[in-house]
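Participant: using only what follows, build the 3D model:
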Amino acid sequence: MLNLFSDLRYKEVIDIHSGFRLGYVCDAEFDGEDGKLISLITPGKAKFFGLLGREDDYVLPWECIARIGNDIILIDQKGEFQRRKKRKSSWF
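Facilitator: This is a model prediction of the structure:
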């Protein structure tokens with residue numbers, strides 16, 4: 001099965017141990033020298049319907065991805081999920 005990166009954005013990410021829904025892929029990290037995919041990033045939960053921003057993003061290392069299907073990505077993450085603060089862009 002051949003997938004484009006743009007197709008990953010429409011796949012939902014779910015943890016197979018807890019059934020926790022992490023959302024949809026919003027970004028990815030690549031190693032420029034080796035050309036390898038390092039991790040997928042999903043946005044954190046919205047606070048108060050998105051009016052108060054979002055929690056930190058989930059960073060999912062490539063090693064924890066168990067299966068990529070037609071409409072879902074299953075991850076095998078034991079323990080806590082790695083989080084990263086979202087970079088804020090300045091208006092000026």
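Participant: paired strands for the longest strand along the chain, with orientation please.
Facilitator: Counting by DSSP state E, the longest strand found in the chain is strand 36-42. Strand pairing for strand 36-42, using DSSP bridges, gives strand 27-31 (antiparallel), strand 57-61 (antiparallel).
Participant: tell me what Ala28 is bridged to.
Facilitator: For Ala28, the beta-bridge assignment (DSSP bridges) gives partners Leu40.
Participant: show me where the chain has strands.
Facilitator: Ranges of strands within the chain are 12-15, 21-24, 27-31, 36-42, 57-61, 65-68, 72-75, 82-84, based on DSSP E.
Participant: quick one on the thing from earlier: what does the longest strand of the chain rub up against?
Facilitator: Applying CB atoms under 8 Å, 6 or more residues apart in numbering, the external contacts of strand 36-42 come out as 8, 13, 22-31, 57-62, 65, 73, 84. Any C-beta I mention is one placed from the backbone N, CA and C, and that applies to glycine too.
Participant: now it: average pLDDT?
Facilitator: The average pLDDT within strand 36-42 is 88.
Participant: quick one: buried residues of that strand?
Facilitator: For strand 36-42, the neighbour count (16 or more other CB atoms under 10 Å) marks 39-42 as buried.
Participant: dump the residue contacts of the nearest residue to Gly69 once chain neighbours are set aside.
Facilitator: The shortest distance from Gly69 to any non-neighbouring residue, by CB to CB, 6 or more residues apart in numbering, is to Lys11 (7.7 Å). Residues in contact with Lys11, defined by CB under 8 Å, 6+ apart, are 24-25, 68-69, 71-73.
Participant: again, only this time at 7 Å
Facilitator: Going by CB atoms under 7 Å, 6 or more residues apart in numbering, Lys11 touches 24-25, 71-73.
Participant: which of the residues you listed sit farthest apart?
Facilitator: The span of these, defined through CB to CB, is set by Val25 and Asp71 at 12.1 Å.
Participant: more crowded one of these two?
Facilitator: Using other CB atoms under 10 Å as the criterion, Val25 and Asp71 rank with Val25 on top: 21 against 8.
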